[in-house]
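In: Structure for the following, please:
(chains A and B)
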Amino acid sequence: MATVQLSEAEKVYVLHGIRDDLRVDGRSCEDYRHMEIETDVVSNTDGSAKVTLGHTAVLVGIKAEMGKPRPAQPAEGYMEFFVDCSANATPEFEGRGGEELGMELTNTLYRVFNNKRSVDLASLCISPGEHCWLLYVDVLLLQCDGNLYDGISIAIKAALFNTKIPKVLITEGEDGVTEIELSDDPYDCVRLSVDNVPCIVTLCKVGPRHVVDATLQEKACSVASLIMAVTPAGTCTCMRKVGGGSLDPESIFEMTEVRGHDPGAPPFPVCPSFFLLPPPVPLSSSSPSSSSSSPSSFFLLPPPLALPFLLLLLFLSPSSSSSSSSFLLSFSSSSSSLLPPPPLALSSLLFLSPSSSSSSLLSPLPLLPLSFLLLFLSPSSSSSSLLPPPPLPLSFLLLLSRCVDI
Amino acid sequence: MNKGPTGRHSSHGSKDLVVPGDVITTDTGFMRGHGTYLDDDNLTASVAGEVERVDKLICVKPLKTRFNGEVGDVVVGRITEVQQKRWKVETNSRLDSVLLLSSVNLPGGELRRRCAEDELTMRSYLQEGDLISAEVQSVYADGALLLHTRSLKYGKLGQGVLVQISPSLIKRQKTHFHHLPCGASIILGNNGFVWLYPTPGQQDEEAGGFFTSLEPISLSDREVISRLRNCLLALSAHKVLLYDTSVLYCYEVSLSQQVKDILKPEVMEEIVMMTQQKLVEHEG
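Out: Next up, the predicted model:
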């Protein structure tokens, strides 16, 4: 990989910045740079894509050719990868300088796609044992500014999405010789399903924390990185550690927790976007008898549905200090931020601190509306999110159980 | 309409921009300078840039080029090699610049002849990868620059951020060291290397030389520096001339956006447009 030289003081600056969650370009540790994806850029390929991630630029072209399937898997096609580190990317790749890195990237790609579910290889079979489609995936590195694995995997996914394989008609000719006809219509083609194609996330360990999408500068300050390939369903197809330094098993677990928030892999089922609640029920002293047995019943409900029930019970729960705080609760699906909204942490703090005093359960209750306000009004009600804050229902279960529990 | 040696109409005071292949003049009485060549009696430009004419000499000053230093330029450079009695410094020029051992201030400020021991401990002063700010003392015959840090304001740089941009975007000014009112300081090196660092406290001003503090910088300072860095990149992407005022206006205009959003193309465009408007308003 291309390297930059940094002075000791610069490295210290980068390290301290990452520790405080403010990187040199203002991103947090889990933010990606601006990404641009273009498909269908190379006309003489069957599928192509170009991805620009900050200053890293990757071009992928896919060509489909007919060939003989592998003897071990006669009813499947296969993919061949090749990564070319062009000398345009950085002077270090001049001549044969980029070969080693190219080999490493190629081998990693083979490992990532070496499973049955990433790409439906059975759909690439034409006639078992005789003909199948081979997909030659060629990756060209145009510019290198860190985070090559991520860019390459995104480009491959986009190129596979763009790939058009012509439809094949097999006819039995005379003497039992199979004849293969390709349809002439350029629009009559088969598209591949890329739902399970994994995306690679590189986590670089810099100091005590890890960053996603490291630039060359940050890479120079890190000793080791973890490369994980994950599918949208949440399965991990490949995990590798690169770099000369060592990673503690604890830190590996920590890193894999982070991975749950990246846009390529929502591990929790995507909840429908929240809805607007009707104007509030003022806190009244009359309580249904069922509320006392409430804690156990919460856990039976599935988390997304529990939410409105929890809120209703909150309003109806006994409280002598019935401050009829009238406020409008509006749920709004958070914008596609990678982290759970910060107010969640704030409200958790508010919840957890008073709940430690087991004396009166009434004191936390007035705080609850405030935190609700904070929690729900701050996330901007923007476009539909891929990832509503998953811990939200779970933490509410826990927190409300503490407060309402007698 | 004045058909000057450029071959195109030029009103008094405007620049004549040419691209490679443009015929500058068909008059054979002119001498060829840099950036031109003779193509069948036509003087043609070989680089994209501005035509400069001094009496009978015509040359083309390119828009994008490596740093061509002149005496007195302030540069920010990175040490690439430690040699016998000198350091080689990378300054974005065609050749590495040279910093002699005799051109640096010894720690402690003593003035004496350099001895053999000084030579052996060179690496403890400046190592490979260190950043320095220096001034160009002279230019060698082959174009390499001779640097010196013989003043307290020059020397090894501590914690901060380096931004690399094209040297042609840095405006030549009286001073290149600025303490911006937003809370950070900036060194606009003529070679395109811009150094952003937190404004040092009162007592640190006199330290100079080679002491670098590795204390953590506060979060607010970091935010200011990150924002300035993104503003610099935005301005350089849109080819705006960089000097303290333009950087400051860009900073002020960008305060409405989040730091990390400044690098998004649409936001960048908006910010640069507003900065240019502000510059026109205030400076005409």
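
In: how long is stretch A:88-106 from one end to the other?
Out: 19 Å (CA to CA, to the nearest Å).

In: That stretch near chain B at all?
Out: No: Stretch A:88-106 does not reach chain B (CB under 8 Å from any CB of the partner chain); its nearest approach is 13.0 Å. For every residue, glycine as well, the C-beta is placed using N, CA and C.

In: avg pLDDT for that stretch?
Out: The average pLDDT for stretch A:88-106 rounds to 88.

In: Let me see the contact set for B:Ser168.
Out: The contact partners of B:Ser168, taken as CB atoms under 8 Å, 6 or more residues apart in numbering or on different chains, are B:Pro62, B:Leu63, B:Lys64, B:Thr65.

In: A:Ser43 belongs to a strand?
Out: No: under DSSP: H, G, I helix; E, B strand; the rest coil, A:Ser43 sits outside any strand and is assigned coil.

In: Same question for the helix or strand hosting A:Leu203: list its buried residues.
Out: Taking DSSP states H and E as the definition, one finds A:Leu203 inside strand A:199-206. Within strand A:199-206, the residues that count as buried by 16 or more other CB atoms under 10 Å in any protein chain shown are A:Cys199, A:Ile200, A:Val201, A:Thr202, A:Leu203, A:Cys204, A:Lys205, A:Val206.

In: what does chain A have sitting close to chain B?
Out: A:5-10, A:12-13, A:16-17, A:19-20, A:22-28, A:31, A:33-34.

In: In helices, which of those residues appear?
Out: A:Glu8, A:Ala9, A:Glu10, A:Val12, A:Tyr13, A:His16, A:Gly17, A:Arg19 (DSSP state H).

In: In ChimeraX, how would I select the buried members of these?
Out: Selection of buried members from those for ChimeraX, criterion 16+ other CB under 10 Å:
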select /A:9,10,12,13,16,17
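
In: hey, what's the nearest residue to B:Ala134 once chain neighbours are set aside bridged with?
Out: Once flanking residues are discounted, B:Ala134 sits nearest to B:Leu147: 4.0 Å by CB to CB, 6 or more residues apart in numbering or on different chains. Counting by DSSP bridges, B:Leu147 forms beta bridges with B:Leu99, B:Val136.

In: quick one: which two of the contacts of B:Ser168 are the most distant?
Out: Largest separation among the contacts of B:Ser168 by CB to CB: B:Leu63 and B:Thr65, giving 7.5 Å.

In: So which of the buried residues of strand A:199-206 is the closest to chain B?
Out: Chain B lies nearest to A:Val206 out of these, by CB to the nearest CB, at 14.5 Å.

In: you'd agree A:Leu247 is in a helix?
Out: No: secondary structure of A:Leu247 (three-state DSSP): coil, not part of a helix.

In: Quick check, it in contact with A:Phe253.
Out: No: when contacts are counted by CB atoms under 8 Å, A:Leu247 is not listed as touching A:Phe253 (10.3 Å).

In: re the thing from before, can you tell me which of the ones in helices among the residues of chain A next to chain B is nearest A:Asn147?
Out: A:Gly17 (17.6 Å).

In: Could you tell me which residues of chain B lie near chain A?
Out: B:78, B:80, B:127-131, B:157-162, B:212, B:214, B:216-217, B:219, B:222-223, B:226-227, B:229-230, B:258-260, B:262-265.
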